[in-house]
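J.: pasted the sequence and its predicted model underneath.
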Amino acid sequence: MSELTQQYVREIFNYDPETGILTWKVKKSRNVNIGDAAGCEFKNRSGKRYLRVSINDKLYFTHRIAWLHFNGALHHEIDHIDGNGLNNKLNNLRDVPRLDNSKNQRKSTRNKSGIVGVCWDRTYNKWRAYIRVNGVLHSIGQFKSLFDAVCARKSSELEYYFHKNHGMDRPL
């Protein structure tokens with residue numbers, strides 16, 4: 001997004017940080033007028049929903065445009081704190097490195113234990129806890145009870161400063 005500047009974004013959009021709504025300041029096309037909400041819904045491969053907008057024939061996520069409009073710079077990824085990719089209110093957005101953004105992921109739909117980083121190990125007939133930190137998978141241990149595995153995993157999340165919403169069931 002290096003070619004977009006805060007000045008240019010402010011010339012073509014209004015952004016309300018309280019509602020998170022981005023609106024056009026210019027007439028975009030025959031069907032898009034001044035004051036219309038900008039962005040169309042988009043689902044990524046995992047089913048998470050975001051809003052995207054076309055600027056000069058290039059697609060951008062509206063949460064990135066909103067951040068640029070309000071803050072003037074994009075340093076990393078823009079994370080939706082509540083996990084709702086359609087909630088672009090300023091108090092729900094944060095500019096974080098990818099590794100920090102990965103510490104605020106929802107639970108996978110493939111998860112069977114109900115807890116991120118905990119699975120049943122059929123080889124040893126025990127619960128296994130693990131955590132990925134800075135791209136490296138760490139084994140926390142094997143446990144007889146699900147409760148002990150979950151406690152170990154949650155302790156590791158605290159140790160590595162995972163976001164409190166990490167692994168929560170949240171809207172796609």
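T.: Nice, thanks for sending it over.

J.: R52: what secondary structure?
T.: When classified by DSSP: H, G, I helix; E, B strand; the rest coil, R52 comes out as strand.

J.: residue ranges of the strands in the protein, please?
T.: Taking DSSP state E as the criterion, the chain contains strands spanning 13-16, 21-24, 40-43, 49-55, 58-61, 77-80, 93-96, 118-121, 126-133, 136-143.

J.: what about the helices in this structure?
T.: 6-12, 62-71, 98-101, 146-159 (DSSP state H).

J.: take the strands of the chain and write them to TSV, including mean neighbour count, mean pLDDT and distance to F162.
T.: Quick note: C-beta positions are derived from backbone N, CA and C, even for glycine. Formatted as TSV, the strands of the chain follow (neighbours: other Cβ atoms under 10 Å; pLDDT from 0 to 100; distance: least, Cβ to Cβ, whole Å):
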stretch	mean neighbour count	mean pLDDT	distance to F162
strand 13-16	18	97	30
strand 21-24	18	96	30
strand 40-43	12	92	26
strand 49-55	17	94	22
strand 58-61	14	94	23
strand 77-80	20	88	13
strand 93-96	18	90	12
strand 118-121	16	88	14
strand 126-133	19	88	8
strand 136-143	13	91	13
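
J.: domain ranges for this protein?
T.: 6-96, 106-159 (automatic domain parsing).

J.: from one end of the longest one to the other, what's the distance?
T.: Domain 6-96 has an end-to-end distance of 19 Å (criterion: Cα to Cα, to the nearest Å).

J.: gap between it and the chain center?
T.: How far domain 6-96 lies from its chain's middle: 14 Å, per Cα atoms, centre = their mean, to the nearest Å.

J.: what does the shortest one give?
T.: Averaged C-alpha coordinates place domain 106-159 at 22 Å from its chain's average position (Cα atoms, centre = their mean).

J.: same question for stretch 3-21.
T.: Distance, centroid of stretch 3-21 to centroid of chain: 20 Å (Cα atoms, centre = their mean).

J.: list the buried residues for it?
T.: For stretch 3-21, a neighbour-count test (16 or more other Cβ atoms under 10 Å) marks L4, V9, I12, F13, Y15, G20, I21 as buried.

J.: contacts for stretch 142-154, please.
T.: Stretch 142-154 is contacted by residues 113, 115-118, 121, 124, 126-131, 140-141 when judged by Cβ atoms under 8 Å, 6 or more residues apart in numbering.

J.: follow-up on the earlier one: and which of the buried residues of stretch 3-21 is nearest to N84?
T.: Taking Cβ to Cβ as the measure, N84 sits nearest to G20 out of the buried residues of stretch 3-21, at 10.0 Å.

J.: dump the strands of the chain to CSV, plus distance to Y160.
T.: Formatted as CSV, the strands of the chain follow (distance: least, Cβ to Cβ, whole Å):
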stretch, distance to Y160
strand 13-16, 33
strand 21-24, 34
strand 40-43, 30
strand 49-55, 27
strand 58-61, 27
strand 77-80, 16
strand 93-96, 14
strand 118-121, 16
strand 126-133, 5
strand 136-143, 9
